[in-house]
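Q: here you go, sequence then predicted model.
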Amino acid sequence: MKQKKFLSALAAAGLAVMCAFGVTACSSSQSSSTGGVAATVNGVEIPEDEVTNMIESIRSQAGLTDADKWGQWLANNNMTPESVRSEMIDSFVEEELIKEGAADRGLSVDSATVDSYVDSIKSNYGSDGDWQNALSQAGFTEDRYRDTIETSLLQQQMLASFADEVSVDDDTMNQYASTFASYYNGAKRSSHILFSADDTDTAQSVLDQLNAGTLDWDTAVQQYSTDTASAANNGDVGWDKLNSFVTEYTNALANLDKGQTSGLVTSQYGIHIIRCTDVFDGSDVTTYDQLPQEFQDSLRTMLTSSAEQTAFSNWLQQAEQSADIVKNDMPSGLPYSVDMSKYSASSSSAATAATTTSSSSASSSASSDASASSSSSSASTN
């Protein structure tokens, strides 16, 4: 898989470029038309206009439509119009190779699935004219937009298809166990009883009984909690560092030690009584089997996902190496073409550009390593 310097530089600058599933994310100047072919991959043509329109769309979103601003940005990031074009062609090449690889593996996306994605986005527009205008502004035709969605869904299937080809053994789990344990050290597990927002009297009565020891926790959960999902497990909502809880819940849990019960905690879901049921101590963990089962599952999922991504990347790299890829010379007069002899990078910008790729890679790695499962409980924000 080839390096994405252009998109990495935009990401490092905080300019999120995402046109695949939401056409409102990008806008573009008037489409360019050359009628030429930018490249071929295994005999499939990549139209020059599609490459140009995508670059122009990204320029517009990034606020780089001014020629001088665009030229200076390219210089600051050690790029040229030619290198941007080449990288964008690579993206189209990868798209075609994913389609071919999916077909070889018997994978497909039916039109009804693509329709559902298109319809969900299209519903945000008042008329078909508004929708077509949005597509045009984003550098898409509707067919091209559908192709992009289909490729994204096929890529998801391709990633999943490598599941049977990768495995995470005990040695790998142990290799990451201590680091994982250190990150989750101090994590708290909790249960709660949820009452309606207008049922303060009942909530206070139950809390008083719990504190007096005249009502046990499990009985209270079964009799009073309106959160039926967690009530099925005696109010358990899992570990805080594996879930996203509302702020009020998180703040109250932070003040509890193992075995302690909170007062009444009000959130958007109602009134909670929270009990901390466990606190994870990861200081002495050396092997993965010392982790709580939920942490073991999360670690294995994270490592498996990483292995699948690596397997997919290796496959794509091999596919690129064996494919018949022909890039044609860049034609003159393209709207993103500027005379780079007029621009030179400032020292600070050059230093920033030099670290863009490594920073982006580190960010991507951190993102893929982060794993969190969402609770179905009303304590969770999801």
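A: Good, I have the coordinates. Numbers count the residues shown, from 1 in each chain.

Q: is the residue nearest to Val326 when sequence neighbours are not counted in a helix, a strand, or coil?
A: Closest residue in space to Val326, ignoring its immediate chain neighbours: Thr40 at 4.9 Å, by CB to CB, 6 or more residues apart in numbering. Yep, even glycine has a C-beta here, placed from its N, CA and C like the rest. Judged by DSSP: H, G, I helix; E, B strand; the rest coil, the three-state class of Thr40 is strand.

Q: how is this protein divided into domains?
A: 5-164+302-345, 181-279 (automatic domain parsing).

Q: do you know how far Glu95 is from Leu303?
A: Separation of Glu95 from Leu303 (CB to CB, to the nearest Å): 28 Å.

Q: er, Asn78 I mean
A: 35 Å.

Q: of those two, which one has the most company?
A: Between Asn78 and Leu303, counted using other CB atoms under 10 Å, Leu303 has the larger neighbour count: 22 against 15.

Q: could you report the pLDDT at the residue nearest to Val326?
A: Predicted confidence (pLDDT) for Thr40: 97.

Q: same check on Phe140?
A: With respect to pLDDT, Phe140 has a value of 78.

Q: how about it, secondary structure?
A: Under three-state DSSP, Phe140 falls in the coil class.

Q: the strands in the stretch 251-382 of the chain, which residues?
A: Taking DSSP state E, counting those that start in this stretch as the test, the strands found in the stretch 251-382 of the chain are 261-267, 270-279, 325-327.

Q: same thing with the stretch 51-200 of the chain?
A: For the stretch 51-200 of the chain, the strands defined by DSSP E, counting those that start in this stretch cover 188-195.

Q: for it, which segments are assigned as helices?
A: 67-76, 81-104, 111-122, 128-137, 142-161, 170-183, 200-212 (DSSP state H, counting those that start in this stretch).

Q: and if you look at the stretch 251-382 of the chain?
A: Counting by DSSP H, counting those that start in this stretch, residue ranges of the helices within the stretch 251-382 of the chain are 293-322, 347-369.

Q: report the buried residues of the first one.
A: Along helix 293-322, the positions that meet the burial threshold by neighbour count (16 or more other CB atoms under 10 Å) are 294-296, 298-300, 302-309, 311-312, 315-316, 319-320.

Q: and stretch 214-228, by the same measure?
A: Residues of stretch 214-228 classed as buried: Leu215, Trp217, Ala220, Val221, Tyr224, Ser225, Asp227 (neighbour count, 16+ other CB under 10 Å).
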